[in-house]
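Peer 1: need a 3D model of the following:
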Amino acid sequence: MGTWWGNLLGAALLLAALMIVRTTAVALRRADRAMTAGIRPPRAPDERLDLYELAYLHGGGERVVQVALLRMYANRRLEARRVSERSVALRPLGRGPRDEWEKVALDLAARAADEEGNVPWPLPARDGEPAIRALCDRLVLDGLLGDGRPAGVLRRSPAARRRLRARNRHDTVVRWLPAAVVAGLVLAVLTGSYLPLLGHPPLLWWAHRVKSRAERAAAPVYGVTDAGQAAMAAAQRPEWIRKGEPARLRNVAVDGTKNFSTRHPLHEPREPRRNDPPPTPPEPRPQPVVYEGPGLGGL
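Peer 2: This is a model prediction of the structure:
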């Protein structure tokens, strides 16, 4: 059984490890509850997506900008001219943009234009743009899109950040628990008191169980969720089409401009086919040889 003071020191070490694990485990459970408390039910498929939400779910911010510019072009409020395979010249007509997304698209085009006013096409649009970020956040909160956190939770929300910090603290404790076991073993060998070592295996098992349970409860979701897929499928129905949003714009939101003919100024650049063999260099032409014979001088 060892000495009483050896058992006392071993028990104190075990109790300290237990209290540290319990403190971080309680904080992690509280952070999990706080993070998931604001999750609302996913948006139902019969709650109609608008045109730009549909575009973002299919192609992100770049597709949203394409839809906005194509809408202006279809309404003859934008002049587009193809300059090269991957650039166009855009000129707004009329009284300017009619909604927020048309304004965002024109602003992005103005910032991306080169010295001659030509714009790369497709026009790049990053999620860092405030309007695009707000649209993405709305889809995440509606449960249609995953942001690397549980469905319905924003990655950069205060609750998600607190939960991340709580998880990192608990993971650190779990990572250092074997050091406490080694210290208890050394103490037991020096004092001949092995009884407190019996408490370390259950402590390790409990700490890892808390960690695995928290990971399952906060499993991250990336990309379009099942509710998002259902909403996208509902947008394919004929009744989704309303006045002012013709089927052509819905098709652009779903597929982009890849199905446009090459005569359309806003068609997507055609990617070279991978199966095509590289062009063979032309064979060199043989150079004619001129033989004039020996000179007749001296004869």
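Peer 1: show me where the stretch 151-299 of the chain has its strands.
Peer 2: Ranges of strands within the stretch 151-299 of the chain are 221-224, based on DSSP state E, counting those that start in this stretch.
Peer 1: to clarify, my last question referred to the stretch 1-150 of the chain.
Peer 2: 78-84, 87-92, 118-120, 145-149.
Peer 1: buried residues in the first one?
Peer 2: It stands for strand 78-84. Buried residues in strand 78-84, counted by 16 or more other CB atoms under 10 Å: Leu78, Ala80, Arg82, Val83. Placement of C-beta: from N, CA and C, glycine included.
Peer 1: what's the answer for the last one, then?
Peer 2: Using 16+ other CB under 10 Å as the burial criterion, the residues of strand 145-149 that qualify are Leu145, Gly146, Asp147, Arg149.
Peer 1: same check, this time on the shortest one
Peer 2: By 16+ other CB under 10 Å, the buried positions in strand 118-120 come out as Asn118, Val119.
Peer 1: and what of the second one?
Peer 2: Neighbour counts over strand 87-92 (16+ other CB under 10 Å) mark Ser87, Val88, Ala89, Leu90, Pro92 as buried.
Peer 1: which residues sit against it?
Peer 2: 69, 72, 77-83, 106, 109, 114, 117-121, 265-266 (CB atoms under 8 Å, 6 or more residues apart in numbering).
Peer 1: hang on, the earlier thing: from the buried residues of strand 78-84, which two are the most distant?
Peer 2: Based on CB to CB, the longest span within the buried residues of strand 78-84 runs between Leu78 and Val83 and measures 15.1 Å.
Peer 1: give me the neighbour count for Ser261.
Peer 2: 6 (other CB atoms under 10 Å).
Peer 1: hang on, I meant Glu215
Peer 2: Neighbour tally, Glu215, other CB under 10 Å: 12.
Peer 1: same question for Tyr194.
Peer 2: Per other CB under 10 Å, the neighbour tally for Tyr194 reads 17.
Peer 1: equivalent analysis for Glu47, please.
Peer 2: 11.
Peer 1: look up the closest residue to it, ignoring the ones flanking it.
Peer 2: Ala231 (7.6 Å; CB to CB, 6 or more residues apart in numbering).
Peer 1: so who does the one you found touch?
Peer 2: Counting by CB under 8 Å, 6+ apart, Ala231 touches Arg43, Pro45, Glu47, Leu49, Leu57, Leu144.
Peer 1: for Asp50, see how far away it is.
Peer 2: 11 Å (CB to CB, to the nearest Å).
Peer 1: for the closest residue to Asn251 other than its chain neighbours, grab phi and psi.
Peer 2: In space, and not counting its chain neighbours, Asn251 is closest to Asn259: 7.3 Å by CB to CB, 6+ apart. Main-chain torsions, Asn259, degrees, to the nearest 10: phi -90, psi 0.
Peer 1: what about Asn259, neighbour count?
Peer 2: As a burial measure, Asn259 scores 12 neighbours (other CB under 10 Å).
Peer 1: that one touches Leu266, doesn't it?
Peer 2: No. If you go by CB atoms under 8 Å, Asn259 and Leu266 don't touch, sitting 11.8 Å apart.
Peer 1: which residues of the stretch 1-150 of the chain score low on pLDDT?
Peer 2: 1-2 (pLDDT under 70).
Peer 1: then the stretch 151-299 of the chain?
Peer 2: Short version for the stretch 151-299 of the chain, where the test is pLDDT under 70: 244-245, 270-299.
Peer 1: same thing but 80
Peer 2: By pLDDT under 80, the low-scoring segments of the stretch 151-299 of the chain are 242-246, 269-299.
Peer 1: the helices in it, which residues?
Peer 2: Ranges of helices within the stretch 151-299 of the chain are 158-191, 200-217, 226-234, 247-255, based on DSSP state H, counting those that start in this stretch.
Peer 1: just put these in TSV and tack on distance to Val21.
Peer 2: Listed next are these as TSV, based on distance: least, CB to CB, whole Å:
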stretch	distance to Val21
helix 158-191	6
helix 200-217	5
helix 226-234	36
helix 247-255	51
